[in-house]
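Participant: coords please:
(chains A and B)
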Amino acid sequence: MTERIGVYVCHCGSNIAGMVDVAEVAKWAGEKLASRGVVVARDYKFMCSSTGQEIIQKDIKELGLTRVVVAACSPHLHEPTFRTACERAGLNPYLCEMVSIREQVSWVHTDKAAATEKSKAMIAGGVERVIYNEPLEPLRVPINPNTLVVGGGIAGIQAALEIADQGTHVYLVEREPSIGGHMAQFDKTFPTLDCSACILTPKMVQVGNHPNITLLSYSEVTNVDGYVGNFTVTVKKKARYVNTDLCNGCGLCQEKCPKKVIDTVFEAGLGYRKAIYRPFPQAVPKYPVIDRENCTFFQKGTCKACQKFCPTGAIDFNQKDEYITLQVGNCILATGYDVFDARRISQYGYGRLANVFTSLEFERLSNAAGPTGGKIVLRDGVTVPQTVGIIHCVGSRDKHYNNYCSVICCMQSLKFAHLVKERTGATVYNFYMDMRTAYKDYDEFYQRVLEEGTLFVRGRVAEVTDAARLPGEEGKLIIQVEDTFIGKQRRIPVDMVILSVGLEPRRDAKELGKLFGISCAAAGWFIERHPKLDPVATMTEGIFIAGACQGPKDIPASVAQGAAAAARVVGKIQQKEISIEPIRASIDKERCSACRICNNLCPFKAIRFVEATENEPAYSEVNPALCQGCGTCVAACPSGAIHGTAFSTQQIIAQIDGLTSLKPGGDGHGARVEAEPVPA
Amino acid sequence: MTDTFEPLIIGFTCNWCSYRAADSAGLGRMKYPPNIRLIRLMCSGRLDMAFVLRAFANGADGVLISGCHPGDCHYLEQNYKTQSRFLLMRRLLAQMGIEPQRLKLLWASAAEGAIFAEEVTKMTEEIRALGPLNWKQRMMKDEGHSSAVGSQPTAVTGGAQ
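Facilitator: You can find the predicted model right below:
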């Protein structure tokens, strides 16, 4: 045995030492694994501390270690730490192997003897494996300085502006005709009651005019190829039927279009738009789009009113969807949320009882630019409500729908209460389960609404009905609720009900995640790299997330995440190149039988078949730039011609041998079973 | 130590979902029996049939293959290939005199520590009920020589796409 191996067993305070006899494990490794090349085995309180790392470095230098095994926490936590420590002492970082005796042993097992024994077996596995580890050099790839931002809501806008201001180019893709997102629909923002449009539109205009931003509105990402630093993204620019080079945004076409359509997107179904439309007057870009489904010309073949009246001749009925290809180095997904469909809770009557509104409808109703000009009225469009009930947690914190808290609803409901009170003087009831007003100035706003005389009933509403039973209930909506403070059922008649609906992941979040190679948690929100320490990165290098696509959040948090994601991207761009893990497959031409089994196994199209020539038989080869290192081809090759670095067949077979060298339930003192030699 | 049979189970996990499920079981201090020992691969698609046979030949009583849920594979679709290999392997194991139930496939996402712990507990009990495998001894008795297994892992690879 030529390798000189050092084994280091971490106590992790009492996290490991409390369940595993670490001193015994180290002693065992030093004695029993000496024949496998272990020349030193030590235990230490915190291997990841600088003192712990220095112990390893000192041993590498003084004892001439050629391999290191660290038995500690999960490699997902500290593999980089120990690899870097080895590198500092002159040992190739890939010659260091970690064994997870915390997550996989001390934290999950309850029998100390068994835990100690399992730790030994796992270290034996690590030692056998590390013998076959190869020194590797990380691959250096240049980073394309361009960035893709998907989603033009406030998070995406913030991210795009931060990156563009710093001097590199951004492609901002938005699927609606205008950027602005949900924030553009709101009237006021809590807790300051800033006018939403007043603070948003300057930013939208900045995006529209920025020399470093290419705005691709009414567009969707259809394909993503490549890897960090070098993504190739295909974007479908849906046909607007308006030539944006000619259009000056005068809006005459909208005025002249004879076809009125209920606007279910921007106006939340409360207002109308035309078949050619711009969602709202401040839209960026200013160009309208023709809604093909509703356009009289596209459906019936005649009309063309917009074309007739357009002063610049910008209407182009022959426009086609266009696919464009972008080269970018990093991507930020800021795709936001969908609102909970209140129809799913039938007992609240939304869609059946006219005067039950959703929070998004109310936003439009109270918006000065909305369908009623900001007048808060019932569905008939004229009657001002005398009594309004606001129901919290609709679709949130409810095991039948979504378990999570949607974060924004308490503050949003308080804002509604304030606006109703201010504009109509109506009596306002809030039906809540718990009042959640964390963050700066939020609770002060709650106090203010309390002082304004809004009434609060603690309890989950059972039903909203129009079936009057008691005097005074005729013609009203009756909210049936258990008031948990007085322990009684109450029936409260109101004129208008507002359902504070929760936030849900975008219906197509899963597909989009798949496109970009990131995953969604059970509820459907994108998963961040670390919930506390890395909230905007994802498990896929070069793909970042910001805003509500990661989980429900309000405007300040979305803006902060947009800026955070931008900072991460700018940091990457400034590195100019990035090192990626050299975990790759390669094919030994001599052993390849050209059977082509591997060719169709690779979803990244990294394997290319080279036809036979006069001098050389046919073979397959791997393009290392496209290979992602999954190893599926390595396992499938019947000739054993494919080598997978860092996870070679030899390494894994050796690890199996180590792991099986100690049987469970033994005396724990490790009569090792020698396996047959590892085949080359 | 008690007299109950303590099976040895080797588990193969992918780097992205199931290894992280084991991590999250640890973080949540969810308990499961210490009979399983894990090997991390980048993808469950890396699983070579030779690994499974080597584990059984070395005295493992059960083998767990674990990866991302269908549709969630970090490498897009490689876990489907794992699944077809798994089905093939179970049939092959039966022909080799190994109860197919000793090979188990588990999809576990990074968030499913509880499922991972629960399934490992269940599998340990199932293997315990099956009793020791002692495959190598069995083979040697049947065929009168010892080189039938474990010596040529690469010769039995591949096939399933």
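Participant: just say helix, strand or coil for residue A:103.
Facilitator: Look at residue A:103: counting by DSSP: H, G, I helix; E, B strand; the rest coil, its state is helix.
Participant: neighbours of the closest residue to it other than its chain neighbours, how many?
Facilitator: Sequence neighbours aside, residue B:26 is the residue nearest to residue A:103 in space, at 3.0 Å (criterion: C-beta to C-beta, 6 or more residues apart in numbering or on different chains). In short, each C-beta sits where N, CA and C put it, glycine included. If you count neighbours by other C-beta atoms under 10 Å in any protein chain shown, residue B:26 ends up with 23.
Participant: isn't residue B:26 right next to residue B:113, touching?
Facilitator: Yes - using C-beta atoms under 8 Å, residue B:26 is in contact with residue B:113, at 7.4 Å.
Participant: mind listing what the closest residue to residue A:51 other than its chain neighbours touches?
Facilitator: Using C-beta to C-beta, 6+ apart and skipping residues adjacent in sequence, the residue nearest residue A:51 is residue A:44, 7.7 Å away. Applying C-beta atoms under 8 Å, 6 or more residues apart in numbering or on different chains to residue A:44 gives the contacts A:8-11, A:51-52, A:55.
Participant: still on that earlier bit, who touches both of residue B:26 and residue B:113?
Facilitator: Residues touching both residue B:26 and residue B:113 (C-beta under 8 Å, 6+ apart): none.
Participant: what about the residue nearest to residue A:51, distance to chain B?
Facilitator: Remark: distance between residue A:44 and chain B (C-beta to the nearest C-beta, to the nearest Å) = 21 Å.
Participant: surely the residue nearest to residue A:103 is in a helix?
Facilitator: Yes - applying three-state DSSP, one finds residue B:26 inside a helix.
Participant: hmm, back to that, of the contacts of residue A:44, which pair is most distant in space?
Facilitator: A:9 and A:51 (15.0 Å; C-beta to C-beta).
Participant: more neighbours: the two, which one.
Facilitator: Neighbours per residue (other C-beta under 10 Å) separate residue A:9 from residue A:51, with residue A:9 holding more: 31 against 11.
Participant: was I right about the more buried one contacting residue A:71?
Facilitator: Yes - assessed by C-beta under 8 Å, residue A:9 is found in contact with residue A:71 at 4.7 Å.
Participant: what do the two both touch?
Facilitator: By C-beta under 8 Å, 6+ apart, the residues touching both residue A:9 and residue A:71 are A:25, A:101, A:119, A:123.
Participant: show me the residues you listed that map onto helices.
Facilitator: Secondary structure assignment by DSSP state H places A:25, A:119, A:123 of those in helices.
Participant: the last one: neighbour count?
Facilitator: Residue neighbour count, defined by other C-beta under 10 Å, stands at 30 for residue A:123.
Participant: my read is that residue A:648 contacts residue A:136, right?
Facilitator: No - contact between residue A:648 and residue A:136 fails when scored by C-beta under 8 Å: they sit 11.0 Å apart.
Participant: mind checking which helix or strand residue 31 is in?
Facilitator: As the question left the chain open, I've gone with chain A. Take DSSP states H and E as the rule and residue A:31 turns out to sit in helix A:22-32.
Participant: please refer instead to chain B.
Facilitator: Assigned by DSSP H and E, residue B:31 belongs to no helix or strand.
Participant: who's in contact with it?
Facilitator: A:108-110, B:117.
Participant: try it again at 10 Å.
Facilitator: Shown in contact with residue B:31 (C-beta atoms under 10 Å, 6 or more residues apart in numbering or on different chains): A:107-110, B:25, B:117, B:121.
Participant: shouldn't residue A:347 be within a helix?
Facilitator: Yes - assessed with three-state DSSP, residue A:347 lies in a helix.
Participant: who's the closest residue to it other than its chain neighbours bridged to?
Facilitator: Spatial nearest neighbour of residue A:347, chain neighbours left out: residue A:463 (4.6 Å); criterion: C-beta to C-beta, 6+ apart. When bridges are called by DSSP bridges, residue A:463 pairs up with residue A:480.
Participant: can you give me the pLDDT of residue A:463?
Facilitator: We have a pLDDT of 96 for residue A:463.
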